[in-house]
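Return a 3D structure for these sequence lines:
(chains A and B)
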2 protein chains.
Amino acid sequence: MSPRRPERRSEESANAVIRAAMELCQEVGYRKLSIEGIAARAGVGKNTIYRWWPSKAAVLLDGLLSTWRVDASFPDTGDFAADIKAQMTAAARLLGDPDVLPHYRALIGEAQHDPELHQALWDRFIGHLAGAAVERIKAAQRAGQIRADADPVLVTELLYGAAYYRMLLTPRAVDAGHVSAVIDLALAGLAPSQG
Amino acid sequence: MSPRRPERRSEESANAVIRAAMELCQEVGYRKLSIEGIAARAGVGKNTIYRWWPSKAAVLLDGLLSTWRVDASFPDTGDFAADIKAQMTAAARLLGDPDVLPHYRALIGEAQHDPELHQALWDRFIGHLAGAAVERIKAAQRAGQIRADADPVLVTELLYGAAYYRMLLTPRAVDAGHVSAVIDLALAGLAPSQG
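Below you'll find the predicted structure:
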């Protein structure tokens, strides 16, 4: 066997760092997670980590992205309500996993005072999903299932906002029942029906 | 003049601590804010602070509550849409103030890995406002302005959720135009009108 190429060794080190960060975050919690601890567990130097990531949060973001393998493409069965329920329920199940939720909440929390992480979280995950949702909403508008005068971006804020508000700010948890109720209410509207 | 009573001196010290925390957070940012720094600026010992507050975040929460003086009672002019727009626009103006927003975002961020702070933030501020909103929504239901079968708690999540999602997770900012558009869309519903 030929010796492994340097790039290959780098990739293995990077994976070891990400794995160590995920494990340690689960064991000691986000607050006590440190670059020193990650380096020790991964068997690399601190400088190796800092060469690739600006912060422990950035390592975790890579870890979550690799764990989730979220498929940003929306189902399109032709039934908007069913499709968005399926997508949001799958996301809620994934994000509500006790092995994932604390990491994700910690990342969102950290992003509130780390503008670079805020941007990365948006560009690489939340905004990525929101962009796919906007495309699905536009298709629903063309199919006459969503009012044509609604701003698709505002529609994503209304649908996802209720779930994030509940997850981040209330003592309540998001589940399939909540997702379904939010979507039904948003579609029907709050005003009493005219009929 | 008689000597000041101990309780009075305690209250003055508490106010000095809160003021110092708010000033320092603005000057150095949430991350670099420390109990040591607050104590030095306020002219009290660290133990005095720890006697009253469990963390720097808890001091800031008191500071924000005293600064905002948010009136949780909703206007009730009989027009639900106008009243909720007035209330949410006032809150967005207050919370969007560059002197307040970074503190508030830092507190919400910290609450994601501090369960005690999460509960305090909900009990003393966010949940307090949400409770007042629920009462106003129930009155609107009695008046036939909001569909009677909508869960009032779900209505608050839909209305406030969109604003918090935008504020905490997107690169966009909340303003009066956004608040108004969200409420109009939530009232009308996403489905095309039948008429």
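
which outside residues touch the biggest helix by length in chain A?
The single longest helix within chain A, with elements called by DSSP state H, is helix A:6-28. If you take Cβ atoms under 8 Å, 6 or more residues apart in numbering or on different chains as the criterion, helix A:6-28 is touched by A:33, A:37-39, A:41-44, A:48-49, A:52-53, A:56, A:59-60, A:62-63, A:66-67, A:99, A:102-103, A:106. Yep, even glycine has a C-beta here, placed from its N, CA and C like the rest.

Could you give the separation of it from the chain centroid?
Relative to its parent chain, helix A:6-28 has a centroid offset of 20 Å by Cα atoms, centre = their mean, to the nearest Å.

now do stretch A:105-120
Computed by Cα atoms, centre = their mean, the chain-centroid distance of stretch A:105-120 equals 12 Å.

Same check on stretch A:147-160?
Its chain's average C-alpha position is 19 Å from that of stretch A:147-160, according to Cα atoms, centre = their mean.

What mean pLDDT does it get?
Averaging the model's pLDDT scores along stretch A:147-160 yields 95.

just stretch A:74-93 next, same as before
Mean pLDDT, computed over stretch A:74-93, is 90.

Flag every buried residue along it.
A:74, A:80-81, A:83-89, A:91-92 (16 or more other Cβ atoms under 10 Å in any protein chain shown).

Let's see which of these end up in helices.
The helices, defined by DSSP H, take in A:80-81, A:83-89, A:91-92 from the buried residues of stretch A:74-93.

Adding distance to A:V28, write those out as JSON lines.
Shown next, in JSON lines, are these (distance: Cβ to Cβ, whole Å):
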{"residue": "A:F80", "distance to A:V28": "43"}
{"residue": "A:A81", "distance to A:V28": "42"}
{"residue": "A:D83", "distance to A:V28": "40"}
{"residue": "A:I84", "distance to A:V28": "37"}
{"residue": "A:K85", "distance to A:V28": "37"}
{"residue": "A:A86", "distance to A:V28": "36"}
{"residue": "A:Q87", "distance to A:V28": "33"}
{"residue": "A:M88", "distance to A:V28": "32"}
{"residue": "A:T89", "distance to A:V28": "31"}
{"residue": "A:A91", "distance to A:V28": "27"}
{"residue": "A:A92", "distance to A:V28": "27"}
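
Keep only those that also lie close to chain B.
Among these, none lies close to chain B by the criterion of Cβ under 8 Å from any Cβ of the partner chain.

Kindly indicate which of those lies nearest A:A176.
Among these, A:T89 lies closest to A:A176 (Cβ to Cβ), at 4.6 Å.

So which bits of the helix or strand harbouring A:A120 are buried?
Using DSSP states H and E, A:A120 sits within helix A:115-121. For helix A:115-121, a neighbour-count test (16+ other Cβ under 10 Å) marks A:117-118, A:120-121 as buried.

Need the max-distance pair from the residues you listed.
Maximum pairwise distance among the buried residues of helix A:115-121 (Cβ to Cβ): 7.4 Å, between A:H118 and A:A120.

before we move on, the earlier item: so which bits of the longest helix of chain A are buried?
Within helix A:6-28, the residues scored as buried using 16+ other Cβ under 10 Å are A:13-14, A:16-18, A:20-22, A:24-25.

Out of the residues you listed, which is nearest to B:L154?
Closest to B:L154, out of all of the buried residues of helix A:6-28 and judged by Cβ to Cβ, is A:C25, at 32.5 Å.

Please tell me the pLDDT value assigned to the closest one.
pLDDT recorded at A:C25 is 89.

check contacts around the residue of chain A found nearest chain B.
At 2.3 Å from chain B, A:G189 is the closest residue in chain A, using Cβ to the nearest Cβ. Contacts for A:G189 were tallied using Cβ under 8 Å, 6+ apart; they are B:147, B:186-191.

try 10 Å this time
A:147, B:146-147, B:150, B:185-191, B:193 (Cβ atoms under 10 Å, 6 or more residues apart in numbering or on different chains).

swap in A:V179?
Taking Cβ under 10 Å, 6+ apart, we find A:V179 in contact with A:84-93, A:159, A:162-163, A:166.

Quick check: neighbours shared by A:H118 and A:A120?
Common neighbours of A:H118 and A:A120 (Cβ under 10 Å, 6+ apart) are A:107, A:111.

hmm, back to that, which two from the buried residues of stretch A:74-93 end up farthest apart in space?
Spatially, the most separated pair among the buried residues of stretch A:74-93 is A:F80 and A:A92, at 17.9 Å (Cβ to Cβ).

would you list the contacts of A:G189 in a markdown table and tack on distance to A:A111?
What follows is the contacts of A:G189, written out as a markdown table (distance: Cβ to Cβ, whole Å):
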| residue | distance to A:A111 |
| --- | --- |
| A:R147 | 33 |
| B:I146 | 34 |
| B:R147 | 36 |
| B:A150 | 32 |
| B:L185 | 26 |
| B:A186 | 26 |
| B:L187 | 31 |
| B:A188 | 32 |
| B:G189 | 32 |
| B:L190 | 28 |
| B:A191 | 34 |
| B:S193 | 38 |
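
Could you double-check that A:H178 lies in contact with A:A163?
Yes - using Cβ atoms under 10 Å, A:H178 makes contact with A:A163 at a distance of 7.0 Å.
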